[in-house]
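Trainee: Need coordinates for the following:
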Amino acid sequence: MRYRVPVVLAGLIHEKRVRVGLTASNKNAALLTIASLLTQPEGKANAESVYDVLLERERLASTGVGSGVAIPHGRSDDFDELRAAVGIYPAGVDFEAVDGLPVNIIVGIIGPRSMPQKHLAALAGVSRVLRNEAKRVELVGAIDDEHAYRALVER
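Mentor: Predicted structure coming up:
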């Protein structure tokens, strides 16, 4: 059975915002990497300010949703569109996830404050895609950034 990616998710991800083979010593280091990816490809916003937005949300409760997935997110008026970035951490990162397991797939989402409904739809879309175990296995096993990007947008 082929798994179809919700259009809302495919429209958020740019090939320059997908990285495989990442390592991080801790959650904050991983968040900083995701924040940097969220500014690509044009460097539209400052990675430090994006990191602050993600960290502020993370202080409320961990966005580690379980099954090796975290979805850090936030809103910033530095962006005029909703966007996502994906980091694959094969060795895992302690993200204080709800199930206590390390996180291998981090999908960061950021967008303007004026799009709360689209923000929620994006969170739901990412959650739906990554509930699929085969999709998670494929992403963690991706041989390069392009493979992971295709896995996210073409199926």
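Trainee: Next, the contact list for the spatially most central residue of the chain, please.
Mentor: Residue closest to the mean C-alpha point of the chain, counted by CA atoms, centre = their mean, is residue 107 at 1.0 Å. Neighbour list for residue 107: 69-71, 84-86, 126, 130 [criterion: CB atoms under 8 Å, 6 or more residues apart in numbering]. In short, each C-beta sits where N, CA and C put it, glycine included.
Trainee: how about it, secondary structure?
Mentor: strand (DSSP: H, G, I helix; E, B strand; the rest coil).
Trainee: if we can go back for a sec, which one (most neighbours) among the contacts of residue 107?
Mentor: Neighbour counts for the contacts of residue 107 peak at residue 70, which has 30 neighbours (criterion: other CB atoms under 10 Å).
Trainee: May I have the beta-bridge partners of that residue?
Mentor: residue 64, residue 106 (DSSP bridges).
Trainee: Now do the same contact list for it.
Mentor: 30, 62-64, 93, 95, 97, 103, 105-107.
Trainee: next helix or strand past the lowest-mean-pLDDT helix or strand in the chain?
Mentor: Lowest on mean pLDDT, DSSP states H and E among the helices and strands of the chain sits helix 7-10, with a mean of 61. Next along the chain after helix 7-10, taking DSSP states H and E as the criterion, comes strand 13-19.
Trainee: in the helix or strand following that following strand, what counts as buried?
Mentor: Note on strand 13-19: by DSSP H and E, the next helix or strand toward the C-terminus is helix 27-38. Within helix 27-38, the residues that count as buried by 16 or more other CB atoms under 10 Å are 27, 30-38.
Trainee: from these, which is closest to residue 75?
Mentor: residue 38 (12.1 Å; CB to CB).
Trainee: any idea how far the nearest residue to that closest one once chain neighbours are set aside lies from residue 42?
Mentor: Once flanking residues are discounted, residue 38 sits nearest to residue 85: 4.6 Å by CB to CB, 6 or more residues apart in numbering. From residue 85 across to residue 42, the span is 13 Å (CB to CB, to the nearest Å).
Trainee: burial count for residue 43?
Mentor: 9.
Trainee: If you could redo that for residue 138, that was the one I meant.
Mentor: Neighbours around residue 138, by other CB under 10 Å: 17.
Trainee: My reading is that residue 90 lies in a helix. Confirm?
Mentor: No. Going by three-state DSSP, the assignment for residue 90 is strand, not a helix.
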